[in-house]
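Peer 1: following is a predicted model, sequence given first.
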Amino acid sequence: MYLHIPFCDSKCNYCAFNSFTTNHHLKSEYMQAALRQLEHDLNTFNVKKLQSVYIGGGTPSTIKPQLYEPLFEKILPLISQNTEITVEANPNSATLSWLKGMKSLGAIRISFGAQSFDDKKLKLLGRAHSPQEAIAAVERAFKVGFEHISIDLIYETALDSKTLLEQEITQALKLPIDHISTYALILEPNTPFENKTDVKAKDENQGYFIKELIPFEQYEVSNYGKYRSKHNLGYWQLKEYIGIGCGAVGFVQNRRYYPKTDLASYIKNPLTYNIEHLSKEDIRFEKIFLGLRSIVGVHLTLVDKEKVAILENEGKVEVKNSKMYNKNFFLSDEIALFLHDF
Ligand SMILES: C[S@@+](CC[C@H](N)C(=O)[O-])C[C@H]1O[C@@H](n2cnc3c(N)ncnc32)[C@H](O)[C@@H]1O
Ligand code: SF4
């Protein structure tokens with residue numbers, strides 16, 4: 001299950017996610033609408049069990065734990081000790097009481113948008129916190145007892161150099177975390193960075209450098225863990241999930257469904273979706289694309305055997321138990337293109 005919280009205290013310069021910095025007085029109504037959608041989706045899709053729950057945003061830490069309570073009560077019969085419940089948080093709003101509240105509701109994993117531990121880089125990105133606040137937030141979550149802590153970092157900004165990236169990762173590894181997500185900066189349309197080519201690094205191969213610095217397993221092109229997130233893996237295995245909230249996406253019975261992205265419209269009618277039907281071909285493409293980006297791999301029945309043999313000879317992939325595994329996730333797009341006949 002994915003739950004989207006479309007509120008942020010401020011908007012970062014690079015971010016195109018569906019979130020609003022105004023209308024915070026609608027939070028309570030929003031969570032009631034999300035509960036309506038949750039009840040509806042659980043019934044409609046006949047959900048019997050949840051393997052993972054991910055509360056993302058926007059900024060989930062802008063919403064008080066009390067407002068999450070009815071949703072947690074609703075899913076309680078569907079979760080077990082093995083259910084991974086993750087919540088995203090921003091360093092400036094993950095207070096001690098918020099962390100304690102979310103932990104006592106059942107969250108076991110927390111993912112912080114740290115982005116950087118460098119003051120200038122945080123300012124460039126338009127973040128609302130200092131490096132010290134990010135460090136303190138992770139330490140607070142650890143003290144509160146979260147089992148798994150992850151941080152997001154952004155690289156390939158104009159300020160990134162090998163020296164700075166080394167400092168970033170060295171600082172990250174001093175923290176009690178078991179997972180790091182690293183994202184190369186994308187200049188997204190309709191953001192302040194849209195046309196600002198000067199904020200992007202000229203050297204576009206920093207991913208390789210970062211990979212060498214992180215002693216965790218790279219289990220997807222942007223994700224490194226001592227612990228593999230079940231929820232993340234579920235996406236790459238193309239498992240089904242319900243998508244709750246304004247601007248969320250769900251994937252059930254070969255259909256992607258999109259609840260409304262406008263806050264007022266969502267609150268008014270959280271049960272109206274746009275639906276995209278995925279053809280067999282679409283599903284095959286997704287399986288190839290996602291399998292190449294991650295340790296999930298691609299079943300050989302989905303791809304041209306001769307092309308796989310070429311890739312194997314070139315040492316780019318490994319074939320094991322009827323599956324092909326990509327040895328270099330940074331090349332996944334190129335390999336997908338080479339395999340392209342879809
Ligand atoms: C859904 S966002 C929300 C996280 C949380 N609200 C926060 O900012 O702390 C998840 C992550 O995507 C990454 N991200 C978002 N937009 C990006 C962009 N344009 N380029 C690179 N990474 C981006 C950031 O690292 C961010 O933490
Ligand atoms: S990066 Fe996070 S805090 Fe910043 S605008 Fe996007 S969702 Fe909000």
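Peer 2: Okay, I see it. Ligands and ions are numbered 1, 2, ... in the order given.
Peer 1: CA atoms for contacts and neighbours, from now on please.
Peer 2: Noted.
Peer 1: which residues of the stretch 151-300 of the chain lie near ligand 1?
Peer 2: 152-154, 183-188 (CA under 6 Å from any ligand atom).
Peer 1: just the buried residues from those, in PyMOL please.
Peer 2: Listed next is the PyMOL selection for buried residues among these, using 16 or more other CA atoms under 10 Å:
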select buried, resi 152+153+154+183+184+185+186+187
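Peer 1: in JSON lines, list the residues of the stretch 151-300 of the chain next to ligand 1 along with pLDDT and secondary structure.
Peer 2: Formatted as JSON lines, these follow (pLDDT from 0 to 100; DSSP: H, G, I helix; E, B strand; the rest coil):
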{"residue": "D152", "pLDDT": "98", "secondary structure": "strand"}
{"residue": "L153", "pLDDT": "98", "secondary structure": "strand"}
{"residue": "I154", "pLDDT": "98", "secondary structure": "strand"}
{"residue": "Y183", "pLDDT": "98", "secondary structure": "strand"}
{"residue": "A184", "pLDDT": "97", "secondary structure": "strand"}
{"residue": "L185", "pLDDT": "97", "secondary structure": "coil"}
{"residue": "I186", "pLDDT": "96", "secondary structure": "coil"}
{"residue": "L187", "pLDDT": "96", "secondary structure": "coil"}
{"residue": "E188", "pLDDT": "96", "secondary structure": "coil"}
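Peer 1: ok, and which of the residues of the stretch 151-300 of the chain next to ligand 1 reach ligand 2?
Peer 2: Counting by CA under 6 Å from any ligand atom, no member of those reaches ligand 2.
Peer 1: helices along the stretch 201-342 of the chain, start to end?
Peer 2: Secondary structure of the stretch 201-342 of the chain (DSSP state H, counting those that start in this stretch): helices at 206-213, 230-236, 263-268, 280-293, 305-313, 332-338.
Peer 1: could you dump these to TSV with mean pLDDT and mean neighbour count?
Peer 2: Listed next are the helices of the stretch 201-342 of the chain as TSV, based on pLDDT from 0 to 100; neighbours: other CA atoms under 10 Å:
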stretch	mean pLDDT	mean neighbour count
helix 206-213	97	14
helix 230-236	98	17
helix 263-268	97	18
helix 280-293	96	19
helix 305-313	96	14
helix 332-338	94	16
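Peer 1: of those, which is nearest D41?
Peer 2: For the helices of the stretch 201-342 of the chain, proximity to D41 was assessed by CA to CA; helix 263-268 is nearest, at 14.7 Å.
Peer 1: now do that closest one: which elements does it pack against?
Peer 2: helix 27-44 (3 or more CA pairs under 8 Å, 6 or more residues apart in numbering; DSSP states H and E).
Peer 1: give me the buried positions along the helix it packs on.
Peer 2: Residues of helix 27-44 classed as buried under the neighbour-count rule (16+ other CA under 10 Å) are 27, 30-38, 41-42.
Peer 1: now the residues you listed as CSV including pLDDT?
Peer 2: Shown next, in CSV, are those (pLDDT from 0 to 100):
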residue, pLDDT
K27, 97
Y30, 98
M31, 98
Q32, 98
A33, 98
A34, 98
L35, 98
R36, 98
Q37, 98
L38, 98
D41, 98
L42, 98
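Peer 1: any idea how the chain splits into domains?
Peer 2: Following automatic domain parsing, one gets these domains for the chain: 2-236, 280-342.
Peer 1: how far does the last one sit from its chain's centre?
Peer 2: Its chain's C-alpha centre and that of domain 280-342 lie 23 Å apart, by CA atoms, centre = their mean, to the nearest Å.
Peer 1: nearest to ligand 1: which residue in the protein?
Peer 2: Here the chain gets closest to ligand 1 at one residue, G113, 3.0 Å apart by CA to the nearest ligand atom.
Peer 1: neighbours of G58, just the number please.
Peer 2: 26 (other CA atoms under 10 Å).
Peer 1: tell me which residues touch it, please.
Peer 2: Counting by CA atoms under 8 Å, 6 or more residues apart in numbering, G58 touches 4-8, 17-20.
Peer 1: let's see 10 Å
Peer 2: If you count contacts by CA atoms under 10 Å, 6 or more residues apart in numbering, G58 has them with 4-11, 15-21, 88-90, 247.
Peer 1: show the buried residues in these.
Peer 2: Looks like those have 4-9, 11, 15-16, 18-20, 88-90, 247 buried, using 16+ other CA under 10 Å.
Peer 1: taking the residues you listed together, which two end up most distant?
Peer 2: With CA to CA as the measure, no two of those lie farther apart than N90 and G247, at 19.0 Å.
Peer 1: pull the residues that contact stretch 266-278.
Peer 2: Where contact means CA under 10 Å, 6+ apart, the residues beyond stretch 266-278 that reach it are 26-27, 29-38, 40-41, 244-247, 249-261, 263-265, 284, 286.
Peer 1: same check, this time on stretch 303-312
Peer 2: Identification of contacts with stretch 303-312 by CA under 10 Å, 6+ apart yields 284-285, 288, 300, 313-319, 323-327, 335-336, 338-342.
Peer 1: and the chain, which of its residues are near ligand 2?
Peer 2: Taking CA under 6 Å from any ligand atom, the part of the chain that reaches ligand 2 is made up of 8, 11-12, 15, 17, 57-59.
Peer 1: mind putting those residues into a markdown table with pLDDT, distance to D198 and secondary structure?
Peer 2: Listed next are the residues of the chain next to ligand 2 as a markdown table, based on pLDDT from 0 to 100; distance: CA to CA, whole Å; DSSP: H, G, I helix; E, B strand; the rest coil:
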| residue | pLDDT | distance to D198 | secondary structure |
| --- | --- | --- | --- |
| C8 | 97 | 26 | coil |
| K11 | 96 | 20 | coil |
| C12 | 97 | 17 | coil |
| C15 | 96 | 17 | coil |
| F17 | 95 | 22 | coil |
| G57 | 95 | 27 | strand |
| G58 | 95 | 26 | coil |
| T59 | 97 | 28 | coil |
